[in-house]
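Visitor: Provided below are the primary sequence and the corresponding predicted coordinates.
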Amino acid sequence: MTGDSTTDDGRTADVTTPEEITAAVVASFADCPRPRLRLLLERLVHHLHAYATEVGLTQEEWYAGIRFLTAAGELTTAERQEFILLSDTLGLSMLVDALTHEQGGTTTESTVLGPFWAAGSPERPYGAAIAERPAGPATRVYGRVLDTSGAPVAGAVVDVWQNGDDRLYAVQDPSAPEHHLRGRFRTREDGSYSFVAVRPTAYAIPDDGPVGRMLAVTGRHPWRPAHIHLRVDAPGFQSLTTHIFDADSAYLDSDTVFAVKPSLIRAFVAHDGDAPGRPAGTEGPWFSVRNDLVLAPASPPRSEGS
Ligand code: BEZ
Ligand code: FE
């Protein structure tokens with residue numbers, strides 16, 4: 001200390017009211033050499049302090065929050081990301097999605113990636129099945145990948161993954177073949193892609209950790225409506241992460257991660273077992289769903305201080 005209220009680094013030490021505490025912490029980032037990082041931290045502190053002040057956060061509540069975050073950290077591994085689940089269930093993931101992607105344009109809308117995508121899915125031929133063991137009624141998924149003028153995008157990679165009739169994704173089930181219910185498909189010259197999926201099922205997000213407890217004590221359910229995930233990549237286009245939602249599924253109006261967009265809901269059309277076009281190697285009634293995917297052109301790189 002150099003005087004009555006100034007520290008050696010020149011900062012004022014007699015900071016006692018809520019307003020003074022907030023102002024001092026915001027000011028502590030003034031010399032941050034990265035403008036974007038400075039903005040992110042100053043505004044984070046501003047809003048975090050405003051929240052605590054508005055609700056009159058108690059010591060017990062502050063510590064309960066610390067315990068909650070500690071439990072989320074202890075549970076998080078390469079396979080289980082409790083913080084993304086927290087972001088998803090608090091709607092932050094979809095808020096960032098909405099801030100990132102243009103609304104109401106002509107391109108296919110995006111939605112959450114979720115925790116069950118895995119790198120290294122096998123490339124499979126046009127029309128191939130992704131189920132490596134029985135997992136539900138066969139469902140032919142087909143469509144074209146197009147640009148915003150309606151021209152086909154040839155050579156796009158459509159990476160797909162889904163759950164089966166036991167509600168599980170392969171990465172959740174040690175008994176499942178590694179690449180079960182997943183695959184990558186390359187579009188043909190006319191932009192077409194096709195694969196044989198199974199009818200997906202509604203399922204509960206992993207709810208055996210702090211996020212699940214948060215949902216339970218607040219009276220929220222952990223369910224997501226049935227969907228198939230798609231991630232589309234093509235040179236010259238923005239990559240697209242999206243879903244096909246089953247129009248007949250429960251929970252379309254109460255997805256626990258707020259990820260349903262009406263434009264992504266599709267009818268799964270039922271066919272009799274003897275109807276023409278039944279996917280090879282399957283038996284009994286089957287379904288089909290058509291889903292064209294419209295990609296946005298790649299945007300020029302953002303230049304900004306960070
Ligand atoms: C999923 O769709 O797989 C998912 C998304 C967010 C949280 C949990 C699961
Ligand atoms: Fe999913």
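Guide: Cool, got the structure. Ligands and ions are numbered 1, 2, ... in the order given.
Visitor: Need the phi and psi values for the residue of the stretch 151-300 of the chain found nearest ligand 1.
Guide: Scanning the stretch 151-300 of the chain for the residue nearest ligand 1 gives Ile205, at 3.9 Å (criterion: C-beta to the nearest ligand atom). In short, each C-beta sits where N, CA and C put it, glycine included. Here is the backbone geometry of Ile205 (degrees, to the nearest 10): phi -70, psi 160.
Visitor: again with the one 4 residues further on
Guide: Backbone dihedrals for Gly209, given as degrees, to the nearest 10, come out at phi -130, psi -170.
Visitor: Quick check: closest non-adjacent residue to it.
Guide: Leaving out its chain neighbours, the residue that sits closest to Gly209 by C-beta to C-beta, 6 or more residues apart in numbering is Leu75, at 4.7 Å.
Visitor: The one you found - how many residues pack around it?
Guide: Neighbours of Leu75 under the rule other C-beta atoms under 10 Å: 17.
Visitor: Could you report the separation of it from ligand 1?
Guide: Distance of Leu75 to ligand 1, computed by C-beta to the nearest ligand atom, to the nearest Å: 14 Å.
Visitor: Please apply the same query to His47.
Guide: Per C-beta to the nearest ligand atom, His47 is found 24 Å from ligand 1.
Visitor: Check the gap between the residue minimising distance to the centre of the chain and ligand 1 for me.
Guide: Most central in the chain under C-alpha atoms, centre = their mean is Val112, positioned 2.1 Å from the mean C-alpha point. According to C-beta to the nearest ligand atom, Val112 and ligand 1 sit 5 Å apart.
Visitor: Now do the SS call for that residue.
Guide: With DSSP: H, G, I helix; E, B strand; the rest coil as the basis, Val112 sits in coil.
Visitor: Apart from its neighbours in sequence, what residue is nearest it?
Guide: Nearest residue to Val112, sequence neighbours excluded (C-beta to C-beta, 6+ apart): Ala259, at 4.5 Å.
Visitor: how many neighbours does the residue nearest to Thr148 when sequence neighbours are not counted have?
Guide: The shortest distance from Thr148 to any non-neighbouring residue, by C-beta to C-beta, 6+ apart, is to Thr106 (5.2 Å). When neighbours are defined as other C-beta under 10 Å, Thr106 has 12 of them.
Visitor: Quick check, Thr106 in contact with Val294.
Guide: Yes - counting by C-beta atoms under 8 Å, Thr106 touches Val294, with 6.2 Å between them.
Visitor: Give me the helices and strands touching the longest strand seen in the chain, please.
Guide: In the chain, assigned by DSSP state E, the strand with the most residues is strand 138-146. On a contact count with 3 or more C-beta pairs under 8 Å, 6 or more residues apart in numbering; DSSP states H and E, strand 138-146 meets strand 192-198, strand 286-290, strand 293-294.
Visitor: Need those in JSON lines (columns: mean neighbour count and distance to Gln59).
Guide: Compiled in JSON lines, those are given as follows (neighbours: other C-beta atoms under 10 Å; distance: least, C-beta to C-beta, whole Å):
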{"stretch": "strand 192-198", "mean neighbour count": "22", "distance to Gln59": "51"}
{"stretch": "strand 286-290", "mean neighbour count": "19", "distance to Gln59": "53"}
{"stretch": "strand 293-294", "mean neighbour count": "21", "distance to Gln59": "51"}
